[in-house]
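# Here you go, sequence then predicted model.
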Amino acid sequence: MSLKDGRPLHMVKLVAAVRNSEERSTNIFIDVEDGTGFAQIKVWVNEGDDCSAITQLRQAACRDHTYIRIIGQVKEYDGQRQIVANDVRPVSSGNEVTYHFLEVAYSYEKYLKAQKANSGMGAGGMGYGIGSMASNAPPLQTGGVGVGAQGGFGGGLGGGSALNDAVLQAVKEAGANSDCGVHINDIASRVSAQGFSEGNIKNAIQDLSNEGHIYSTIDEFHVQYAA
């Protein structure tokens with residue numbers, strides 16, 4: 001599976017409106033629309049393992065006509081594509097929808113400029129695409145403004161710099177045993193020991209969140225790695 005520009009499609013980030021949802025014993029299916037098409041989101045439910053705040057956010061994200069933000073992986077099952085969500089939550093305001101559209105356009109232009117410059121930077125991050133998902137598989141039809149794809153600008157763990165890689169590693173290690181993620185102060189404490197300033201670390205956390213490598217969990221101060 002790939003975008004029209006040839007980048008492989010794996011991890012995506014989108015903002016879309018809920019059109020329907022169906023809760024089952026082990027998962028929830030959410031049908032969404034982002035203005036360019038429809039997609040089905042699959043959210044696994046771990047009763048007893050998820051913290052209460054995550055459960056509440058997930059329930060709020062299942063309401064019809066609610067705008068939600070999804071970070072997840074594109075999977076194919078029985079010839080149908082769907083997004084298996086790592087994180088799904090209601091958007092905080094209409095500004096978040098507008099910001100996401102601008103973020104998509106900016107990231108796509110950034111990718112084009114990198115291609116034109118022939119910089120030789122390796123793939124491995126998470127970029128953003130504008131256009132339908134190119135595949136012979138039946139729809140998931142979404143893929144206009146709002147869909148991101150693996151294959152952006154970076155190496156290592158996907159961060160593209162020593163600082164970003166250090167932050168990602170700290171999030172992976174500290175958040176491995178908690179669905180609630182890791183507090184950004186804990187990340188700063190771990191990574192600052194490697195010689196990075198707290199200000200730069202928090203900027204890196206914000207950049208990695210914007211690019212979909214990590215996502216917030218119970219509040220804006222706790223993040224988790226988007227595996």
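All right, it came through fine. Source: prediction; values computed, not measured.

# Strands of the protein, residue ranges please.
Assigned by DSSP state E, the chain shows strands spanning 2-3, 11-23, 27-33, 38-44, 67-77, 80-90, 126-129, 133-134, 147-150, 182-183, 214-216, 222-225.

# need the ones you listed in TSV with mean neighbour count, mean pLDDT and distance to residue 54, can you?
C-beta here means a position set from N, CA and C on the backbone, and glycine is covered the same way. Supplementary listing: those in TSV, determined by neighbours: other C-beta atoms under 10 Å; pLDDT from 0 to 100; distance: least, C-beta to C-beta, whole Å:
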stretch	mean neighbour count	mean pLDDT	distance to residue 54
strand 2-3	20	68	30
strand 11-23	20	88	15
strand 27-33	19	91	13
strand 38-44	19	89	11
strand 67-77	20	85	13
strand 80-90	20	85	9
strand 126-129	26	44	22
strand 133-134	20	36	28
strand 147-150	26	46	22
strand 182-183	20	88	14
strand 214-216	24	80	11
strand 222-225	23	84	10
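
# Output those in a markdown table; the columns should cover distance to residue 194.
Shown next, in a markdown table, are the strands of the chain (distance: least, C-beta to C-beta, whole Å):
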| stretch | distance to residue 194 |
| --- | --- |
| strand 2-3 | 35 |
| strand 11-23 | 26 |
| strand 27-33 | 39 |
| strand 38-44 | 34 |
| strand 67-77 | 26 |
| strand 80-90 | 26 |
| strand 126-129 | 23 |
| strand 133-134 | 38 |
| strand 147-150 | 26 |
| strand 182-183 | 16 |
| strand 214-216 | 18 |
| strand 222-225 | 18 |
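
# For residue 103, which of these is the nearest?
Residue 103 lies closest to strand 126-129 among the strands of the chain, at 7.0 Å (C-beta to C-beta).

# Just list whatever residues bridge to the closest residue to residue 83 other than its chain neighbours.
Excluding the flanking residues, the one nearest residue 83 by C-beta to C-beta, 6 or more residues apart in numbering is residue 72, at 4.5 Å. The residues listed as beta-bridge partners of residue 72 by DSSP bridges are residue 12, residue 85.

# could you check the distance from residue 72 over to residue 30?
11 Å (C-beta to C-beta, to the nearest Å).

# just to revisit the earlier point, nearest to residue 193, out of the strands of the chain?
Proximity to residue 193 (C-beta to C-beta) singles out strand 182-183 among these, at 15.2 Å.
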